[in-house]
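Participant: Provide a 3D model corresponding to the input given below.
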Amino acid sequence: MKIKFWILAGFILVTQASLSYADIYVIYNNETGEVYTISEKDDTVIPEGYSKEVLQGGFSNYDFQYNPTYYKFKSKKFIVNTKKISDEEKIKQEMIEKENKKKQDKIKAKEKLKGLGLNEDEINAIAN
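Facilitator: Below you'll find the model as predicted:
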């Protein structure tokens, strides 16, 4: 029983020690500093115009509030790329507005068809 305990304790100690020395690999744009990807594996092909930085520790050492690609990497620090987040929010809002306009146009078209004397089944057949 004692041997099993010491084997298990040794395994846990080795595992914890190896996890605490993990690295993360940051690929970022040389000019803008925008993060391309972050990985715990050194297996990413680095595109032209990008650099790789190896940081000590794993993801748990960094408090990412957003997707890591929403950051810039400058002076070995992660900075939230508020412009990228803002741009994506604008795109989402435009898509929502476009979808709402489509729905409103469909409602107006159905009302016009009703005004022409078509019944609900005929309108649905045309609208769908």
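
Participant: mind listing the helices for the protein?
Facilitator: In the chain, helices defined by DSSP state H lie at 2-20, 82-115, 120-127, listed in chain order.

Participant: these: lowest mean pLDDT?
Facilitator: Mean pLDDT per stretch puts helix 2-20 lowest among those, at a mean of 57.

Participant: I'd say Y62 and F78 touch.
Facilitator: Yes: counting by C-beta atoms under 8 Å, F78 is a contact partner of Y62 at 6.5 Å. Any C-beta I mention is one placed from the backbone N, CA and C, and that applies to glycine too.

Participant: could you check which of these two has the larger neighbour count?
Facilitator: Of the pair Y62 and F78, F78 is the one with more neighbours under other C-beta atoms under 10 Å, namely 21 against 15.

Participant: could you check how far the closest residue in space to the more buried one that isn't next to it in sequence is from V35?
Facilitator: Sequence neighbours aside, Y71 is the residue nearest to F78 in space, at 4.4 Å (criterion: C-beta to C-beta, 6 or more residues apart in numbering). In this structure, Y71 and V35 are separated by 5 Å, where distance is defined by C-beta to C-beta, to the nearest Å.

Participant: just G49 next, same as before
Facilitator: Using C-beta to C-beta, we find G49 at a distance of 14 Å from V35.

Participant: more crowded one of these two?
Facilitator: Between G49 and V35, counted using other C-beta under 10 Å, V35 has the larger neighbour count: 22 against 10.

Participant: for the closest residue to T32 other than its chain neighbours, what are its contacts?
Facilitator: Spatial nearest neighbour of T32, excluding adjacent residues (C-beta to C-beta, 6+ apart): K72 at 7.0 Å. Shown here is K72, whose contacts under the criterion C-beta atoms under 8 Å, 6 or more residues apart in numbering are 28, 32-35, 78-81.

Participant: near the residue nearest to F78, how many other residues are there?
Facilitator: Burial measure for Y71: 24 neighbouring residues, criterion other C-beta under 10 Å.

Participant: what sits against I24?
Facilitator: Contacts here follow C-beta under 8 Å, 6+ apart; on that basis I24 touches 38-40, 54-55, 57-59, 62.

Participant: mind checking how far the closest residue to it other than its chain neighbours is from F78?
Facilitator: Leaving aside its chain neighbours, I24 sits nearest to L55 (5.1 Å; criterion: C-beta to C-beta, 6+ apart). For L55, the distance to F78 (C-beta to C-beta) stands at 10 Å.
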